[in-house]
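**Student:** Pasting the sequence and the predicted model now:
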Amino acid sequence: MTAAASSFRFSSSRDRRRLATGLLFISPWILGFIVFRVYPFLASLYYSFTFYPVLRSPRWLGWDNYVNLFDDPRFLTSLWNSTYYALGAVPLGTLFGILLAMLLNMRVRGLSAFRTIFFLPSITPIVAAAIVWLWMFNPRSGVVNYLLSFVGINGPAWLGDPQWAKAALILMSVWSVGNAVVIYLAALQDVPRELLEASSLDGANAMQKIWNITLPMISPVILFNVIVGLIAAFQFFTQVHVMTDGRGSPADSTLMMSIYLYQSAFEFFKMGYASAQAWILFLIIVVFTMVLFRVSGRLVYYGGR
Amino acid sequence: MDTPRAQAAASTTGVQRLSRPLGETGKYLVLALFSAFFLIPLVWMVSTSLKNAEELPLYPPIWIPDPIRWDNYVTAFVEGSLGGYLWNTVVVTVPSVIGAVLSNALIAYGFARVQWPGRDYVFAIVLATMILPDFVTFIPLYLIFRDLNWLNTYYPLILPIFLGSPFFIFLLRQFLMALPAELTDAAHVDGASELLIFLRIVIPLATPALAVVALFQFIGSWNDYFGPLIYLSDVDKYTISLGIANMESAYGFSNFAWIMAATCMSILPIILLFFFAQRTFIEGIALTGLKG
């Protein structure tokens, strides 16, 4: 913001003293940045080009790990599964997040009760949620298929069926949409009333108001949530690890990139191979984030800036 | 009430009169449906935790167990060593919360209220590290902690938190920057040191934001699964998330009732915290999204 104002010129001893003070305050971050960010970042890049069975020292390989990865059907499966999950869970979460926030924003009686109900799943420990859903998805005695039977649907085997396992995980992801609802609700409450009232006078209907005013006004928040959601979705791990005992079953249908990466590192002890997977995961996240920023340049409204 | 309008446009009010209540009903119907969707798993969790083993596989499922088996909660402690897991989690979580509040407050102060050359460039780096996935760094980190002989200890879970986290730094910096300069000007003129100003003036004013950090870190540490999974190998050192996951895979379906009791117990502290600090929660979450 004020990047131009604070240049690198050291005009006085006062500046130098301030620099020392500033650096002193942020020194924990500097230490953490070097030890827990920069070093591991570079080290994993290096490992990704090595053969590194964990008990011996790494040996340089060049591009072999990367070449092998794209010949590895399990890796390609994990790439597909993670993309499928992310492209299912993120749009669905965004849609329901905004929808529920809009409903709550329409002068609802019992607002705080609804907000609490929506929010509780978001703070439920993931492992607890995973265990409960695992049994709710049980094809024979599970609650999900029991409830579906009321509307005449004979539910699938969910986590037991490779065709439905990812869908089950996506459905479950909607359960913790409450966090986003709270964020969207706060954003909606900041949309100026006058704008909406003025457009009503001009004869805009509800859909037009949502499309032309509300959504553009909250678009920076949507972008933020989509990016955060996408980064999280590509690192989706805990639920699958708990619900499939770390296997990504059935038939690798829930083998996410993170799960396979973890297997490479801690089950097959191939640290180099795992690091290459980690770097591909990182590049995917970077590319998606950049594309989103690019595309959103035209769609996101930043208050006239 | 709306007679003037009704007279003016009789035909449209007819539609409105019909659609208003319909819209209202529709709104509450959707909200109720979603409430059911959000609540059923939690209700199911509590209900299952109070069941007899014989009731577990029944179809259609039983919602109100008969008799209600409170002793499942005792079994969770006796059979599932729930007490040990809870205690381990407290041992990890308490220092983590202290570490997060201390370190991020200091760091954010350095970014928000000390003017030093190059500050905003460095802050841009802080923000950039937010998109660095944990999965990129965890292998070298694991190897560092292995070489330090810290595997199977709580140090890898606690110590990094004392060095700040970009998200909390960002959150607190926003808050500190919004405090008016006049608050600290007088103290500066009097020659007070930055540390004194930080401790005496800024920290007391920043309590609401620090509460948000404490809350989020508490939940983060309490719920953490990945960290304990890679660093802890002794079952008696497991934290609660790892502990209940372990119960789930170690004991079969017939023990599921008391495993659910353990699961309920793992959520209880978080739920209690939520009801005591609901405002802090909601405001904190709203803050995270809005200033992005």
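**Tutor:** Good, I have the coordinates. Numbers count the residues shown, from 1 in each chain, chains lettered A, B, ... in the order given.

**Student:** Give the buried residues for stretch B:59-70.
**Tutor:** When neighbours are counted by 16 or more other C-beta atoms under 10 Å in any protein chain shown, the buried residues of stretch B:59-70 are found to be B:P61, B:P65, B:R69. To be clear about C-beta, it is placed using only N, CA and C from the backbone, and glycine gets the same treatment.

**Student:** Give the helix, strand or coil label for the last one.
**Tutor:** Going back to what we said before, that points to B:R69. Per DSSP: H, G, I helix; E, B strand; the rest coil, the secondary structure class of B:R69 is coil.

**Student:** so how far is chain A from the spatially closest residue to it that is not a sequence neighbour?
**Tutor:** Spatially, and ignoring its direct neighbours in sequence, B:R69 is nearest to B:L50 (5.4 Å; C-beta to C-beta, 6 or more residues apart in numbering or on different chains). Counting by C-beta to the nearest C-beta, to the nearest Å, the separation of B:L50 from chain A is 14 Å.

**Student:** Count the residues that sit near B:L50.
**Tutor:** A count of neighbours around B:L50, defined by other C-beta atoms under 10 Å in any protein chain shown, yields 21.

**Student:** do B:N52 as well
**Tutor:** Counted with other C-beta under 10 Å, the burial measure for B:N52 works out to 15 neighbours.

**Student:** what does the stretch 151-300 of chain A put close to chain B?
**Tutor:** Taking C-beta under 8 Å from any C-beta of the partner chain as the criterion, the stretch 151-300 of chain A approaches chain B at residues A:174-175, A:178-180, A:182-187, A:190, A:220-221, A:224-225, A:231, A:234-235, A:237-238, A:241-242, A:245, A:258, A:261, A:265-266, A:271, A:274-275, A:278-279, A:281-282, A:285-286, A:289.

**Student:** I'd assumed B:V46 was in contact with B:P65.
**Tutor:** No. The criterion here is C-beta atoms under 8 Å, and B:P65 misses it with B:V46 at 10.0 Å.

**Student:** Please spell out the PyMOL selection for the buried subset of the residues of the stretch 151-300 of chain A next to chain B.
**Tutor:** Of these, the buried ones go into a single PyMOL selection, burial set by 16+ other C-beta under 10 Å:
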select buried, chain A and resi 174+175+178+179+180+182+183+184+185+186+187+220+221+224+225+231+234+235+237+238+241+242+258+261+265+266+271+274+275+278+279+281+282+285+289
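
**Student:** which residue is nearest the centroid of the chain?
**Tutor:** As the question left the chain open, I've gone with chain A. Chain A has A:A232 as the residue nearest its centroid, 2.2 Å off, counting by C-alpha atoms, centre = their mean.

**Student:** wait, chain B
**Tutor:** For chain B, the residue whose C-alpha lies nearest the mean C-alpha position (C-alpha atoms, centre = their mean) is B:I219; its distance is 3.4 Å.

**Student:** so where does that residue fall, helix or strand?
**Tutor:** B:I219 belongs to helix B:207-223 when assigned by DSSP states H and E.

**Student:** Which elements pack onto that helix?
**Tutor:** For helix B:207-223, the contact count by 3 or more C-beta pairs under 8 Å, 6 or more residues apart in numbering or on different chains; DSSP states H and E identifies helix B:82-112, helix B:166-178, helix B:240-250, helix B:256-276, helix B:278-290 as packing neighbours.

**Student:** and the fourth one, what does it pack onto?
**Tutor:** I take that to be helix B:256-276. Here helix B:256-276 touches helix A:111-123, helix A:126-136, helix B:10-49, helix B:71-78, helix B:82-112, helix B:207-223, helix B:240-250, going by 3+ C-beta pairs under 8 Å, 6+ apart.

**Student:** hang on, the earlier thing: check whether the residue nearest to B:R69 really touches B:A257, as I assumed.
**Tutor:** Yes. A contact is recorded between B:L50 and B:A257 when judged using C-beta under 8 Å, the distance being 7.4 Å.

**Student:** intersection of neighbour lists for the two?
**Tutor:** Contact with both B:L50 and B:A257 is made by residues B:R69, B:N72, according to C-beta atoms under 8 Å, 6 or more residues apart in numbering or on different chains.

**Student:** what's the closest residue to A:S141 other than its chain neighbours in contact with, if anything?
**Tutor:** Among residues not flanking A:S141 along the chain, B:Y59 sits closest, at 4.7 Å (C-beta to C-beta, 6+ apart). Residues in contact with B:Y59, defined by C-beta under 8 Å, 6+ apart, are A:R140, A:S141, A:Y146.

**Student:** which secondary structure element contains B:Y59?
**Tutor:** Taking DSSP H and E as the criterion, B:Y59 maps to no regular element, lying outside all helices and strands.

**Student:** and A:W133, how many neighbours does it have?
**Tutor:** Neighbour tally, A:W133, other C-beta under 10 Å: 26.

**Student:** by contact count, what packs against the longest helix seen in chain A?
**Tutor:** Longest helix in chain A, counting residues (DSSP state H): helix A:73-104. Applying 3+ C-beta pairs under 8 Å, 6+ apart, one finds that helix A:73-104 makes contact with helix A:111-123, helix A:165-175, helix A:178-189, helix A:215-234, helix A:257-266, helix A:271-299, helix B:10-49.

**Student:** List the contacts of the second one.
**Tutor:** Right, the one you point to is helix A:165-175. Residues from elsewhere that reach helix A:165-175 (C-beta under 8 Å, 6+ apart): A:81, A:84-85, A:88-89, A:92-93, A:96, A:121, A:129, A:133, A:137, A:158-159, A:233, A:236, A:239-240, A:249-250, A:253-254, B:37-38, B:41.
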